[in-house]
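1. Predicted model follows, preceded by the sequence.
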Amino acid sequence: MNKNSNLPKIVSIITICKNSAKTITKTIESVLSQRCEGLEYIIVDGNSNDGTQAIIKSFGKDIDIFISEPDEGIADAFNKGIALSSGEIIGIINSDDVLLQGVINRILTYFTTHPDTEVIHGDVLLYNDANFIKRIKPPKFWWLPWRLILFNHPATFVRKHVYQQHGVFSKDYKLGMDYDLFLRWQRAGVRISYLSEPLAKMQTGGVGAQYPLLSLAENRRALLKNGYPRLLVEPLVELQCLLRFAVQRIVTIQNFCRYITKK
């Protein structure tokens, strides 16, 4: 474990990873290029064996905390990073995502000028390799779960006391832990602010896309657990299924067009 503690930490950025050698360099660089006083960068690795650890170590002391050990899944890795964090504000950016330039300063400014805000979330730009697909944003009334994703955790920043008061990610979910967490925040009355601007860039093909039926089933379970009536939840899950299918079809068409163009 590497740790630099010369300065008090204001914001902690967490990256979790496992066998992410192909993508993690861009993720790390997107955070370190915004290095400012009080920024803490934490990487939690799930015991990678594909060269990921060597890439992380090559950044030396620029990574404030680095651990590599087996975990119990995504939620467990998230929670390890939160437990290690000393910042007043916590953000999570996965190892195949990129934090857009200027975001850290933007977030710090917003929290400073809006001291009552406890959670900030914004939009995500979805890409298939270098091909832009769509800008993911919540619906007009973002607090209603009409969309496939209520919020995007790569574009979400949280005051640490929210985790301390309302709990961390539930290990009962393999994929729907962020969905459940946001619903819990809503029920608890956490003060959430939405920024109508992109904060992160995300690639298609994540774990949720690889296991869409499990992801949707866990979203359904989270909605029911957090008090939404079954008569509302069932059509919601069907709608989410259609939305996910539509995105996957867009990716398939883009890949086909690229293939034809290359030929």
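-> Received it, and whenever you're ready, just let me know what you need.

2. average pLDDT for stretch 152-163?
-> Across stretch 152-163, pLDDT averages out at 94.

3. cool, and stretch 112-128?
-> For stretch 112-128, mean pLDDT rounds to 93.

4. Just the pLDDT for Glu218.
-> pLDDT for Glu218: 83.

5. so who does it touch?
-> Tyr173, Lys174, Leu175, Gly176, Tyr179, Asp180 (C-beta atoms under 8 Å, 6 or more residues apart in numbering). Any C-beta I mention is one placed from the backbone N, CA and C, and that applies to glycine too.

6. Swap in 10 Å and give it another go.
-> Neighbour list for Glu218: Asp172, Tyr173, Lys174, Leu175, Gly176, Met177, Tyr179, Asp180, Gly208, Tyr211 [criterion: C-beta atoms under 10 Å, 6 or more residues apart in numbering].

7. What segments of this protein are helices?
-> 24-32, 52-57, 74-84, 103-113, 160-166, 177-188, 207-210, 212-225, 230-262 (DSSP state H).

8. and Leu216, how many residues sit next to it?
-> For Leu216, the neighbour count with other C-beta atoms under 10 Å is 20.

9. Now the buried members of the contacts of Glu218.
-> Those of the contacts of Glu218 that meet the buried threshold are Tyr173, Lys174, Leu175, Gly176, Met177, Tyr179, Asp180, Gly208, by 16 or more other C-beta atoms under 10 Å.

10. Return the member of those residues nearest to Pro198.
-> Pro198 lies nearest to Gly208 out of those, by C-beta to C-beta, at 19.3 Å.

11. Using TSV, lay out the buried ones among the contacts of Glu218 together with pLDDT.
-> Formatted as TSV, the buried ones among the contacts of Glu218 follow (pLDDT from 0 to 100):
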residue	pLDDT
Tyr173	92
Lys174	90
Leu175	86
Gly176	87
Met177	92
Tyr179	86
Asp180	92
Gly208	53
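
12. Sketch out the low-pLDDT regions of the stretch 1-150 of the chain for me.
-> The stretch 1-150 of the chain contains residues with pLDDT under 70 at 1-8, 139-150.

13. quick one: the strands in it?
-> All strands of the stretch 1-150 of the chain, identified by DSSP state E, counting those that start in this stretch, fall at 11-17, 39-45, 65-68, 89-92, 97-99, 119-128, 131-136.

14. The fifth one - contacts with which helices or strands?
-> In terms of contact count using 3 or more C-beta pairs under 10 Å, 6 or more residues apart in numbering; DSSP states H and E, strand 97-99 is assigned the packing partners strand 11-17, helix 24-32, strand 119-128, strand 192-203.
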